[in-house]
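Undergrad: mind folding the following:
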Amino acid sequence: MNIIISNSSNLPIYEQISTQIKTMIMQGELKEGDALPSMRTLAKDLRISLITTKRSYEDLERDGFIKSFTGKGSFVAPRNMDLLREESLKKIEAYLTNAIETAKTSGISNSELTKIFNIILEDTYE
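TA: Now for the predicted structure:
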């Protein structure tokens, strides 16, 4: 599993890990039933605290992306399409919020932003 930790990111390390694992699951790189590295192994590989990997795995389990079994490890949970859709919607909302904030600080009007959005939408779905 290829997880990259960025020291310049605004996200805490545990969120960087859980976000990247969620992305791997949503994109099908990790499939239902696939085993994740143990928390200790991941902490050692990434050269971070075991507490940090534990927090990531707890968040992933809470959000329904993985299932953990004492003495056996952590595995990708069965795909819940509603959960995956909700996660995608959250990501889209974050990108759009960022775009709107950038437009506001740049003096771009709502109508200009809407035109840009529609042009990109049309180009993407042609």
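Undergrad: the closest residue to Ile17 other than its chain neighbours: what's it in contact with?
TA: Computed as Cβ to Cβ, 6 or more residues apart in numbering, the closest residue to Ile17 that is not its neighbour in sequence is Ser56, at 4.0 Å. Placement of C-beta: from N, CA and C, glycine included. Going by Cβ atoms under 8 Å, 6 or more residues apart in numbering, Ser56 touches Tyr14, Glu15, Ile17, Ser18, Ile21.
Undergrad: again, only this time at 10 Å
TA: 3, 12-21, 36, 39, 42-43, 48, 66 (Cβ atoms under 10 Å, 6 or more residues apart in numbering).
Undergrad: inside strands: which ones of these?
TA: Ile66 (DSSP state E).
Undergrad: out of the contacts of Ser56, which are inside helices?
TA: Assigned to helices by DSSP state H, the following of the contacts of Ser56 qualify: Ile13, Tyr14, Glu15, Gln16, Ile17, Ser18, Thr19, Gln20, Ile21, Met39, Leu42, Ala43.
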